[in-house]
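**Student:** Here is a sequence with its predicted model. Questions after.
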Amino acid sequence: MDDLRRLERDFPTFTFKTAREYGLSKEQIRKLSTDGSIEKVDRGIYVFPGYLLDEFSLISQKFSRGILSLVSALIIYDLTDEMPLHYDVTFPQGYHPSSSAITKYHLNARYLSKNRYLLDITTRQTENGGTVNVYSKERTLLDVWESKQLQPYIKNDALQRYLASSPAASQIRTLTELKNNLYPNSTLLSVMAIVSQE
């Protein structure tokens, strides 16, 4: 079952829809669940044995147009120790998941124009092995820095951790380009320059 191995590699936690996209039939999924090859966690949600439920991956699959952002993205990039009670997800304007889905999955949804929404989306593996759609590390840092809702200590911790990772010149160029496109008046680069000299 090549499809099953590919699914396990990409999505240790997966939805019925994802399994179908990987070529598994409804009958195969039922049989795998019955024989213990996969564990059914909830309606339409499965986990391979030996893996923990990966909420980030599950949310990324359930809301395919949602991009993990802000504090959720900081967690994925290990730029914070925060453990929020919700998941920050960005959607394109005009797309609105149901309020019951937002409540059920503890989403903090934000909506951006298509141009802003599409800028610097990437995929990343979570610590539990799942694949997620997330903004790049540089985009995340900028969004967090410019957020009016986040506490200064979260912003400063993220900046310190980012600088400790010794970003390459290409990453700084990307950060500069993103700043110019998204937040032309951002103070992030000047603060980075000051902190780097300390």
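**Tutor:** Arrived safely, thanks for sending. Because the structure is predicted, anything quoted here is derived from the model rather than measured. Residues are numbered from 1 along each chain as shown.

**Student:** Give me the residue ranges of this protein where confidence is low.
**Tutor:** 1 (pLDDT under 70).

**Student:** Can you name the residues bridging to the residue most central in space within the chain?
**Tutor:** Compute the mean C-alpha point of the chain, and by Cα atoms, centre = their mean the closest residue is Leu68, 3.2 Å away. For Leu68, the beta-bridge partners are Val89, Val134 (DSSP bridges).

**Student:** One more: Val47?
**Tutor:** Under the criterion used (DSSP bridges), Val47 bridges to Thr13, Glu39.

**Student:** OK, contacts around it?
**Tutor:** Pro12, Thr13, Phe14, Ile38, Glu39, Val41, Leu53, Asp54 (Cβ atoms under 8 Å, 6 or more residues apart in numbering). Glycine gets a C-beta too; all of them are placed from N, C-alpha and C.

**Student:** Could you identify the pair within those that is furthest apart?
**Tutor:** Greatest spacing in the contacts of Val47, by Cβ to Cβ: Ile38 and Asp54 (13.7 Å).

**Student:** Make JSON lines out of the contacts of Val47 and add distance to Asn181.
**Tutor:** Below are the contacts of Val47 laid out as JSON lines (distance: Cβ to Cβ, whole Å):
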{"residue": "Pro12", "distance to Asn181": "35"}
{"residue": "Thr13", "distance to Asn181": "34"}
{"residue": "Phe14", "distance to Asn181": "34"}
{"residue": "Ile38", "distance to Asn181": "42"}
{"residue": "Glu39", "distance to Asn181": "44"}
{"residue": "Val41", "distance to Asn181": "40"}
{"residue": "Leu53", "distance to Asn181": "36"}
{"residue": "Asp54", "distance to Asn181": "31"}
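
**Student:** Most neighbours among the residues you listed, please name it.
**Tutor:** Phe14 (27 neighbours; other Cβ atoms under 10 Å).

**Student:** Next, the contact list for it, please.
**Tutor:** So Phe14 contacts Leu7, Ile45, Tyr46, Val47, Ser57, Gln61 (Cβ under 8 Å, 6+ apart).

**Student:** Contact partners for Asp88?
**Tutor:** Counted by Cβ under 8 Å, 6+ apart, Asp88 has contacts Leu68, Ser69, Leu70, Val71, Ser72, Ala73, Leu107, Asn108, Arg110.

**Student:** Tell me the one of the residues you listed nearest Thr174?
**Tutor:** Lowest distance from Thr174 to the contacts of Asp88 (Cβ to Cβ) belongs to Ala73, with 15.1 Å.
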